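1. Provide a 3D model corresponding to the input given below.
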Amino acid sequence: MNYCIQDGTNTPPKILFLDVDGVLILFNNRGVFSKEALKQLKRVLQLTGAKVVLSSNWKRTQESIEKLNKELLDMGAETVFGTTPELDYETSISSSRVKEIEKWLDDYETKNGEKIVYWAAVDDLDLGKVGSERFIDHFVITHREKGITPEKAEKLVLILNGMGN
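-> Alright, predicted model coming up:
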C-alpha cells in the first residue's frame, strides 16, 4: 500500500498513536475536549502529515470514535486512520497499551511489506517506563490536567518529522 505524504513521495504514513483522556480531554474537565489541546493536535497533524491511530480506551465504542472523528473533522484533519488491537490486559493498562501499539506496527509491516519509520505515541500514562527499546525516542507523556501543551506538540513534531526526541 502506498501513501502520498506531505512531501509527495510514496512512503509509509507517519503515525500518531493517540490517547484521548488526559491528552485531549483533561482530568479536571471530564467529557469535554480541551480547545488548547485540540489546537496543539491540529498543529502536530498539519506540520507532520501524520495519521491518527487511536490507542485509547475510546477505541472500544463506535460512539466514542465518532465523537473524536467529529472533533478531527471540525479542525480540518482526517478522521481516525485506525485503532490498535484490543489485547488482554496484563499487569497494567500501560504495558497492555504498549503491546497493542507494537502489535499494530508489526501487523502493518506484515500486511503492507513496509515498516512505519516515523511514529509517536502520546499518552498521559508513562508508556516509556514499560515500553520496549522500540519506544525510545517515540513517546511523549502528557500531564492529565494539561494535555498536549505547545512544548509537547513541538516534541511530537520533531519525532514525527525524524528530527529526534
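2. hang on, residue 67 is in a strand, isn't it?
-> No - read with DSSP: H, G, I helix; E, B strand; the rest coil, residue 67 is helix and lies in no strand.
3. need the nearest residue in space to it, chain neighbours excluded.
-> residue 58 (7.9 Å; C-beta to C-beta, 6 or more residues apart in numbering). C-betas here are computed from N, CA, C, even on glycine.
4. hmm, the one you found is touching residue 24, no?
-> No - contact criterion C-beta atoms under 8 Å: residue 58 and residue 24 do not qualify, at 9.4 Å.
5. now do the contacts for the residue nearest to residue 67.
-> For residue 58, the contact set (C-beta atoms under 8 Å, 6 or more residues apart in numbering) comprises 20, 21, 64, 65, 67, 68.
6. at 7 Å instead, please
-> 20, 64, 65, 68 (C-beta atoms under 7 Å, 6 or more residues apart in numbering).
7. pull out the buried residues from stretch 66-78.
-> Across stretch 66-78, burial judged by 16 or more other C-beta atoms under 10 Å covers 68, 69, 71, 72, 77.
8. quick check, nearest of those residues to residue 44?
-> Of all these, residue 44 sits closest to residue 77, with 9.7 Å by C-beta to C-beta.
9. shouldn't the closest one be within a helix?
-> No - Residue 77: not assigned to a helix; according to three-state DSSP it is coil.
10. one step back: closest to residue 35 out of the buried residues of stretch 66-78?
-> Scanning the buried residues of stretch 66-78 for proximity to residue 35, where the rule is C-beta to C-beta, the winner is residue 71, at 10.2 Å.
11. now do the contacts for the closest residue to the closest one other than its chain neighbours.
-> Distance criterion C-beta to C-beta, 6+ apart; nearest residue to residue 71, sequence neighbours excluded, is residue 33 at 5.6 Å. For residue 33, the contacting residues are 24, 25, 71, by C-beta under 7 Å, 6+ apart.
12. mind running it again at 10 Å?
-> Taking C-beta atoms under 10 Å, 6 or more residues apart in numbering, we find residue 33 in contact with 20, 24, 25, 26, 41, 67, 68, 70, 71, 74, 147.
13. mind checking which of the residues you listed are in helices?
-> 41, 67, 68, 70, 71, 74 (DSSP state H).
14. good, we can wrap up now.
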